[in-house]
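J.: using only what follows, build the 3D model:
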Amino acid sequence: MTGTVTVVGYDGSPLGADASRALAGATLVVGGRRHLDAVAVPATARTVVMGPLSPAVEELARHDGEAVVVASGDPGFFGIVRALREAGLDPRVLPGVSSVALAFARVGLPWDDALVVSAHGRDLAAAVNACRAHPKVAVLTGPGAGPAEIGAALGATARRMVVCERLGTDEERVTAISVQDTARAWADPNVTLVLDDERLATRVGSAWPRAAAPDAWALPESEFAHRDSMVTKAEVRALALARLAPRPGLLVWDVGAGSGSVAVECARFGAAVVAVERDADQCRRVDANARRHGVSVDVVAGSAPAALDTLPDPDAVFVGGGGPDVVAACARRKPARVVAALAAVDRLAPVRDALSGGGYAVDGTLLQSSRMRALPDGSTRLAAENPVLLVWGERL
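T.: Modelled structure (predicted):
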């Protein structure tokens, strides 16, 4: 094309001078129906009502002359600017106030510590897992991935939702509601805030959102409350984390969680985590360890495999306790990765067969480590830890 593509962010307030001049000189104006009705489109300009994104972008690429795209809020924030750049266009951007900024402003909350995700045209499960893991999340919703679907997926979790419909318009509505009460029709577009008030009240939410690796991992056992040294050793956790690959947007199960050291470490990487443990005292330790490290871990008290039946499907599973039947039950849920820690070598073959029979490429290693220990004379000896067989499967 020749000429300039100017992207105007519309947030319901009067357009500024630059945006008004760009519109007055445009020969092509592209936008949603409500945006075109809200701004002063020149009578001589051709208009394209935006539905699917690709045809609108192609029309802009073919156009000779000045073009304006009217989009919601800040179009560089989960907006059309990315698509224009990918199509080889170099747009001039005049942003408005983003819908996320408006949503947090309406409820009087800061949002420099919020995690912002989009479910519009994307995997809803990833957005829901972000809501499980982080105490303050803004979700940009879309058809089939709105407040009702988010609330249904979150289930009985203790979260408060604030649904912000049609922000910046005369039809704006802001509704605070529990996740259990979201099964109703909501107006599009909307932004949904998902808040864990308990964690926010303890100032966990004052930290930056965990969107990258934590500052340390494979933490010393002393970082976790445990019973009689019943805790997955740091060397084992290091390899298990590498094979589980936890990150924001994923859901990890820690089955037979014990003290929950693997669960907590996965949560520190930003993953949503469910810890399954049959011992009530250990369940309390998992919860205490999660609180100590400022992360969210959903603790399910029960014995696997029965306790797994009602859980949401995982992306990765660590089996720290339980036999081949538990591994097989996990494999039937088809996570991308399964990692099992075995203390008894005679469980290797049945666990291997359970994974390979479930459609996984199987590998493993025996971890034998010796740690430095000081002797009375100032010299150092090496003290052997109990060997652990780590077996993992990656879905074919």
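J.: all strands for the stretch 1-150 of the chain, in order.
T.: Using DSSP state E, counting those that start in this stretch, the strands of the stretch 1-150 of the chain run over residues 5-10, 28-31, 46-49, 67-72, 92-94, 115-118, 136-140.
J.: starting at the chain centroid, how far to the last one?
T.: Going back to what we said before, that points to strand 136-140. Offset of strand 136-140 from its chain centre (CA atoms, centre = their mean, to the nearest Å): 10 Å.
J.: buried residues in the helix ranked longest in the chain?
T.: The residue-count maximum for a helix in the chain (DSSP state H) belongs to helix 280-292. Across helix 280-292, burial judged by 16 or more other CB atoms under 10 Å covers 282-283, 285-286, 289-291. Every residue, glycine included, has its C-beta placed from N, CA and C.
J.: looking at the strands of the stretch 1-150 of the chain, which is nearest to L239?
T.: strand 115-118 (28.1 Å; CB to CB).
J.: for the closest one, packing partners?
T.: The helices and strands touching strand 115-118, judged by 3 or more CB pairs under 8 Å, 6 or more residues apart in numbering; DSSP states H and E, are helix 124-133, strand 136-140.
J.: residues in contact with that strand?
T.: Contact partners of strand 115-118, identified using CB atoms under 8 Å, 6 or more residues apart in numbering, comprise 77-78, 100, 126-127, 130, 134, 136-140, 142, 209-211, 248-249.
J.: if we use 10 Å, what do you get?
T.: 77-79, 98, 100, 126-131, 133-142, 145, 191, 194, 205, 208-211, 248-249, 270 (CB atoms under 10 Å, 6 or more residues apart in numbering).
J.: could you point out which element follows the helix or strand of the chain with the lowest mean pLDDT?
T.: Taking mean pLDDT, DSSP states H and E as the measure, helix 197-201 is the helix or strand of the chain with the lowest mean score, a mean of 85. Sequence-wise, the next helix or strand downstream of helix 197-201 (DSSP states H and E) is helix 234-244.
J.: buried ones in that next one?
T.: Within helix 234-244, the residues scored as buried using 16+ other CB under 10 Å are 234-237, 239-241, 243-244.
J.: quick check, nearest of these to T175?
T.: For the buried residues of helix 234-244, the nearest to T175 is L244 (37.4 Å; CB to CB).
J.: wait, the closest one touches A267, no?
T.: No - the criterion here is CB atoms under 10 Å, and L244 misses it with A267 at 11.7 Å.
J.: just the pLDDT for T2.
T.: If you check T2, the pLDDT there is 72.
J.: oh, that last question was meant for A207, not what I typed.
T.: At A207, the model reports a pLDDT of 57.
J.: go on, P110?
T.: On pLDDT, P110 comes in at 93.
J.: picking that back up, mutual contacts of L244 and A267, please.
T.: By CB under 10 Å, 6+ apart, the residues touching both L244 and A267 are 252, 254.
J.: report pLDDT for R268.
T.: pLDDT recorded at R268 is 95.
J.: contacts only, for the closest residue to it other than its chain neighbours.
T.: Leaving aside its sequence neighbours, R268 sits nearest to P214 (CB to CB, 6 or more residues apart in numbering; 4.3 Å). Applying CB under 10 Å, 6+ apart to P214 gives the contacts 265, 267-270, 293, 295.
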